Structure formats: C-alpha cells, structure tokens
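Chemist: Okay, predicted coordinates and the sequence, questions at the end:
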Amino acid sequence: MLADTIRKFFTKSIPYMVGIDIGSHSIKAVLLSEQHGVYRVEEALIELMPKGMIKDSEIQDIEAVARVINKIRKRIPKQVKHAAVAISGASVITKVIYMDVSLSDAELESQIEIEADTLIPYPLDEVSLDFEKLTVNKADPSKVDVLLSAARTENIEARSHAVIEGGFEPKVLDVESYALSRAGQLCVGQLPDDANEKVVAFVDIGAQITLLSIVQGERSLYTRDQMFGGEQFTNSIVSYYGRSFDESERAKVNGDLPPNYTFEVLAPFQTALLQQIRRSIQMFLNTSEKDNVDYIVLSGGTSLIAGLDRLLIDELGIHTVIAKPFAELEIAAELDSEEIEAFQPQLMIATGLALRSFSECHI
C-alpha cells in the first residue's frame, strides 16, 4: 500500500526536488510534498561529514562529499532524481540594482551583462550571474528593483559535481541566505500575529558560518555571512579540557563536561556570538531606513545551546524564538516525529531549498 502511494505521488507532473544543505560538519537533506496547499515532510536526514571537507564554504574533496550525498541518495525514493543546493561565503555576491522598468527580461539580461564589470569585483570569466525582478522601486516608479546574484563558477561546479556523483541531478543552485528566509516563512506562526508586517531577522548559526537574513513580509531587506560558528565553541572545549575535536563535539551535544565549563567556555562563546549578532543588526540599521529589528528566529546546530534565545531577549531586547520549520507541517507516518522535533532547527536551509520544488521558476 505504501509503495503504491509513493509511486502515485511521485508520478505527478511536478518534479519534486530534495533540498541538500552541504555544511562543513554534516549534510542535511529535506524532501517535501504538497497536496491541497499543505506541505508534508517526506524525509529529513542529517549525515555527518569527515572534518575538513568544507573550508570557508568551499569543497576541498568532491569525492568525499559525494560519498556522503550518496548515503542520502539511498534513503530518498528513486523517483526523486532532482536536487536543490546552495552556496554561501565570500565568493557569493548579492545586491539589489535599479533598472528601467520598461526593459524586457532579454533586454534586462543584456544590460546587466554590459554593466556587470562595474557591479562585480571579480573577473567576469570566473563568475556566474543570475538575476530576478523584484518590485517597482518605491522612490522612483520608472525603475524596477532587480536582485543580482553572482558566484565563482568553480564553486558552483564543485557543488554540482558532488551532487551528480552522489546520485542526484542538480536542478537549482540557490544562495543559502535566501533559502534561510524562504524556510523562515514556515516559522512565522511562532511569532506574534503582526510578524508579517514587522522586520524579522533569521539567524542560522552553523559550524563555521553564521547567516543573517532580514526580511519584512516576503521582501528581503538585508543578508550577511559571517565566518563565525559553533566550531569556535568546540575548539574552546578542545583547548580547555585536552579532548579531541570529535570528543569535544560529542561532549557539547550530550553535556558531558565539567561543571565549571559554563564559565570557562560557554559564557565567553555566548558573549562572542552576541557581539556578532548585535554588530550585524547594527550594520543593517545603518544601511536601511528601518529603526529596529522586531523579531529574531534562531536556527542551525548552535541554536540548540540551552538558553541562547533567552540570552538574546535579555541582552538585545528583541523577541527571539528557536526555529521550528515543521511545526505546522504534516510529518510522514514512517518518520520519527520526536527525532525530527529535536533537530529541525538544523534543517532550515535544507527546508528552504526543498521549497523550491513549489516555485514557478524552480527549473
């Protein structure tokens, strides 16, 4: 019966994609389905990755990453062949530019190619460009806001090759901060009723990178990547207690640490993280017409540190919650809902990528 249901579902005309978040310590994958406007989690996976395979958001060993992706491939229905992945880091540039509202898409593309050398600080033969029309500019109705994204081609190719060798066909290459804010729309129900009109900061704290995506409604206002994450916390445990990195990672998760670690390790890390978030929010406020950020939604593995949301509430005075992207979604019966509940904050980017299955422009 289950096999028949899966076969019927995945022969629909929509080419469902699995969202694959290639992180520095693990690869996360989410597969969603949709029926009658309701999303269902068909699969949610986390596979650990050997240390050192990702450095500064760049893949160091394509074959090793592909082997981890192949573990995910074996747990995803064979009918699902397509994948959506994302990039982040210093090699990715996103900016909003202003173009004549009368330009067609083809004319817009030609104009952007002409002006690209003044917009992108890399040699054009080393980057790949994409753009998306947003809305008519409020200050000047003769202009349209256009979101321009650029990334080093070698980084795009490395991710694509890893996905192909892992057994999937890459169909979408996204930017992690945009995948984060897309998944954030599933978390609005955790916030007060006015959240759709307010300024919301989504903060994903990974092992090496902290992503910030600030939105108002469905409009992206600001994004920023910072080379700061939970790995600093782990390295402090290594330094203080003489444990190996892997032992420190496990101790961080299961709480097997000396009583005084709160003061020696945890408090300094929390202070550093707080400074990073405060500085990023201030940079946003300095470059926008907004006066404040109303809400913060935390995600990523490091967001699971007990009391981190309370710390931001106390120190920043901003209503803060831990992301639960699956809170209002159906969970497939064969999945362990309690296990998913525990690690869903780590799956925000993978969820945002999986949501590209339901975008009109996903292929």
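Modeler: Received the coordinates, thanks.
Chemist: Which of the residues in the helix or strand harbouring residue 118 are classified as buried?
Modeler: Per DSSP states H and E: residue 118 is located in helix 105-119. Going by neighbour count (16 or more other Cβ atoms under 10 Å), the buried part of helix 105-119 is 108, 112. Quick note: C-beta positions are derived from backbone N, CA and C, even for glycine.
Chemist: And the contacts of it?
Modeler: Applying Cβ atoms under 8 Å, 6 or more residues apart in numbering, the external contacts of helix 105-119 come out as 95, 97, 99, 103, 124, 129, 131, 133, 146, 148, 150.
Chemist: What's the local residue count around the fourth one?
Modeler: For residue 103, the tally of surrounding residues (other Cβ atoms under 10 Å) stands at 16.
Chemist: cool, the fifth one as well?
Modeler: Residue crowding around residue 124 was assessed by other Cβ under 10 Å; the count is 13.
Chemist: list the contacts for it?
Modeler: 116, 117.
Chemist: rewinding a little: would you mind identifying the next helix or strand past the helix holding residue 118?
Modeler: Next helix or strand after helix 105-119 toward the C-terminus (DSSP H and E): strand 127-136.
Chemist: and that next one, what does it pack onto?
Modeler: For strand 127-136, the packing partners by 3 or more Cβ pairs under 8 Å, 6 or more residues apart in numbering; DSSP states H and E come out as helix 105-119, strand 143-152, helix 153-165.
Chemist: are any of the contacts of helix 105-119 buried, and which?
Modeler: Buried by 16+ other Cβ under 10 Å: 99, 103, 129, 131, 146, 148, 150, out of those.
Chemist: The helix holding residue 118: how far from the chain's middle?
Modeler: Using Cα atoms, centre = their mean, to the nearest Å, the mean C-alpha position of helix 105-119 is found 28 Å from that of the whole chain.
Chemist: show me what contacts residue 152?
Modeler: Per Cβ under 8 Å, 6+ apart, neighbours of residue 152: 91, 122, 126, 127, 128.
Chemist: So for residue 62, what's the pLDDT?
Modeler: Per-residue pLDDT puts residue 62 at 93.
Chemist: now do residue 1
Modeler: Looking at residue 1, the pLDDT reads 37.
Chemist: what's the answer for residue 256, then?
Modeler: Residue 256 is given a pLDDT of 78.
Chemist: Ok, residue 103 next?
Modeler: pLDDT recorded at residue 103 is 84.
Chemist: Over to residue 44?
Modeler: 96.
Chemist: can you confirm it is in a helix?
Modeler: No. Under DSSP: H, G, I helix; E, B strand; the rest coil, residue 44 falls outside any helix and is assigned strand.
Chemist: for this structure, what spans make up the helices?
Modeler: Using DSSP state H, the helices of the chain run over 2-10, 62-73, 105-119, 153-165, 176-184, 230-241, 245-254, 261, 267-286, 308-316, 337-343, 348-354.
Chemist: Among the buried ones among the contacts of helix 105-119, which pair sits farthest apart?
Modeler: Maximum pairwise distance among these (Cβ to Cβ): 19.2 Å, between 103 and 150.
Chemist: okay but residue 155 is in contact with residue 87, surely?
Modeler: Yes. Between residue 155 and residue 87 there is a contact at 5.7 Å, judged by Cβ atoms under 8 Å.
Chemist: which neighbours do the two share?
Modeler: Taking Cβ under 8 Å, 6+ apart as the criterion, residue 155 and residue 87 both touch residue 57.
Chemist: Export the helices of the chain as CSV, with columns for distance to residue 220.
Modeler: Listed next are those as CSV, based on distance: least, Cβ to Cβ, whole Å:
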stretch, distance to residue 220
helix 2-10, 31
helix 62-73, 28
helix 105-119, 18
helix 153-165, 21
helix 176-184, 6
helix 230-241, 25
helix 245-254, 32
helix 261, 38
helix 267-286, 12
helix 308-316, 21
helix 337-343, 26
helix 348-354, 12
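Chemist: what's the closest of these to residue 210?
Modeler: helix 267-286 (6.1 Å).
Chemist: between that closest one and helix 230-241, how big is the angle?
Modeler: Angle, helix 267-286 to helix 230-241, by axes from the mean of the first three to the mean of the last three Cα atoms, to 10 degrees: 160 degrees.
Chemist: In terms of secondary structure, what does helix 267-286 contact?
Modeler: strand 199-205, strand 210-216, strand 219-226, helix 230-241, helix 308-316.
Chemist: how distant is it from the center of its chain?
Modeler: The answer for helix 267-286 is 19 Å, by Cα atoms, centre = their mean.
Chemist: got a list of contacts for it?
Modeler: The contact list for helix 267-286, computed with Cβ under 8 Å, 6+ apart, reads 201, 203, 205, 210, 212, 214, 221-222, 224, 226, 228, 232-233, 236, 290-293, 296, 302, 305, 308, 311-312, 315-316.
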